[in-house]
Structures are given as structure tokens and as C-alpha cells.
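**Student:** Quick one: sequence and predicted model below, then my questions.
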Amino acid sequence: MRLHLGCGQVYLEGYTNIDFPLNEHTVQEKTVADKHADLTTLRHDSESIEEVRLHHTYEHFIRPQALALLASWHSWLKMGGRLHIEVPDFDATARLVLSRFTNDHDRKVGLRHIFGSNEAPWATHYEGWSQKRLVEVFTLFGFAIEKTEKTSYLATRNITVIGVKDKRTPPKKELTEYAKTYLRGFMVDDSEFETKLLHIWLDQFSAQLARTIAR
């Protein structure tokens, strides 16, 4: 089985295409999904999936949740299975927005690409991914990098990372330590306030992991 998560109006042959039902979308006029579901509640058996694929969906998850979902997808995948993610390239788009040579229209499109279209609560981008940061979390949670690619369309800049599962998914305690390693990098300092934030992030990670890690 291969999964296309957050399929929108793009139907991929050979995949189970999954998205919200049509009444939870805004401008989308039709649904091509084989299955309607909230992606944060999906769970599959251990090593039962051949590929998980997302195009411009991963940036819609808050940071701790995104890490837990990546760890969960790893647990679903068979050995040698692939995770294929395409997201906006925050760094490249930010450079476009900040350049004095960018016209006003392209600057506004770039800002939309960074923050989302904002017409619904789900239409918000919660994380600014770069190729380096996406490769970092792929590697941290047990994927060997098969391919990275940077693309552009008009005033948008995008990155794709494809990883291959080449090791077993570790236990939850170890996954939490991986998340802690990554999330500590977002702390301003080691103050009590920032430490409390880290614990909140880890609680969010653990809650999502409990919902979606393989049965």
C-alpha cells in the first residue's frame, strides 16, 4: 500500500489518496480522495506501507506534531519504504521577499507561500522548512536520504526530500529523545521559562505519537 496524504484535487494512481471531506475545504470544487480522514488521527500497522507521500501538506503541522508524524510514518513503512515530502522552501522564499529587486506582487505571493493562504484555520503554515532542516529531521528519525530537489514556480520556491527507511523504528522513549534534541535548538536560552516551553513541546510530541505510531 502507498499513501498520498493531503491529496487535494491531485489523484495519484497506485496510491490511496487521503484528505478532508469536501465540506471542510474552501475553494476546492471536487474531491478525488479514496478516503476522507484527519491526517493527525491515521494509524497503520507496523511495516505495512510501502510509501508515504505529501505535497504541500507537511508545513501545516506545528513543529512537535510534525516530528511525531514523521516518526509515526517511519513506523508504518516497510524496510526500504519511502517517505516523499514536498514543502515551501522558507529560506529561498524569504530571500525573494527581502530582495530589493522583487516586485510588490511577487513579494506578496512569497509571503503567502511562507504563511499560507489563511482563508481557513487549516490554511496556515506553521513551520518554515529548508532543505537543511528537512534533511536533518529525516536523518534524525531514521531515514537515509535518497534525493533532494529544489524547484520554483513564478514567485514560489519549493523543496522535495525523499528518504528511505533503512533501520527499525526505535521505542517511544528513544524517539522522544530525538525530538528533544531537535526542539532544544529552538530554545532562546536555558531559562526556566524556555525549559517549560520545551516540556510543552515534548508533551505535544508525545500526544501525537500516541495517536499515530504503528499498532
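**Tutor:** Noted; the coordinates are in hand. Just so it is clear, the structure is predicted and the values come from calculations on it, not from any experiment. Numbering: from 1, shown residues only.

**Student:** can you give me the strands for this protein?
**Tutor:** 2-5, 16-19, 35-36, 49-55, 77-88, 143-153, 156-165 (DSSP state E).

**Student:** Show me what counts as buried in the second one.
**Tutor:** Across strand 16-19, burial judged by 16 or more other CB atoms under 10 Å covers 17, 18, 19. Heads up, the C-betas are built off the backbone N, CA and C, glycines and all.

**Student:** Tabulate those residues (TSV), appending pLDDT and distance to residue 148.
**Tutor:** Shown next, in TSV, are the buried residues of strand 16-19 (pLDDT from 0 to 100; distance: CB to CB, whole Å):
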residue	pLDDT	distance to residue 148
17	97	25
18	97	25
19	95	26
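
**Student:** Closest one of those to residue 69?
**Tutor:** Closest approach between the buried residues of strand 16-19 and residue 69, by CB to CB: residue 18, at 13.1 Å.

**Student:** wouldn't residue 21 be in contact with residue 35 here?
**Tutor:** No. Contact criterion CB atoms under 8 Å: residue 21 and residue 35 do not qualify, at 10.0 Å.

**Student:** still on that earlier bit, out of the strands of the chain, which comes closest to residue 127?
**Tutor:** Nearest of those to residue 127, taken as CB to CB: strand 77-88 at 8.2 Å.

**Student:** re the thing from before, just put the strands of the chain in JSON lines and tack on distance to residue 177.
**Tutor:** Converted to JSON lines, the strands of the chain look like this (distance: least, CB to CB, whole Å):
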{"stretch": "strand 2-5", "distance to residue 177": "26"}
{"stretch": "strand 16-19", "distance to residue 177": "30"}
{"stretch": "strand 35-36", "distance to residue 177": "33"}
{"stretch": "strand 49-55", "distance to residue 177": "23"}
{"stretch": "strand 77-88", "distance to residue 177": "21"}
{"stretch": "strand 143-153", "distance to residue 177": "17"}
{"stretch": "strand 156-165", "distance to residue 177": "19"}
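
**Student:** Can you say which of the ones you listed is nearest to residue 182?
**Tutor:** Of all the strands of the chain, strand 143-153 sits nearest to residue 182, with 13.8 Å by CB to CB.

**Student:** Report the strands that pair with that closest one, each with its relative direction.
**Tutor:** Strands that pair with strand 143-153, judged by DSSP bridges, come out as strand 156-165 (antiparallel).

**Student:** quick one: pLDDT of residue 163?
**Tutor:** On the pLDDT scale, residue 163 is placed at 98.

**Student:** Once you drop chain neighbours, what's closest to it?
**Tutor:** Counting by CB to CB, 6 or more residues apart in numbering, residue 143 is the residue found nearest to residue 163 once chain neighbours are left out, at 3.0 Å.

**Student:** Quick check: that neighbour touching residue 81?
**Tutor:** No. When contacts are counted by CB under 8 Å, residue 143 is not listed as touching residue 81 (9.7 Å).

**Student:** check contacts around residue 38.
**Tutor:** Taking CB atoms under 8 Å, 6 or more residues apart in numbering, we find residue 38 in contact with residue 20.
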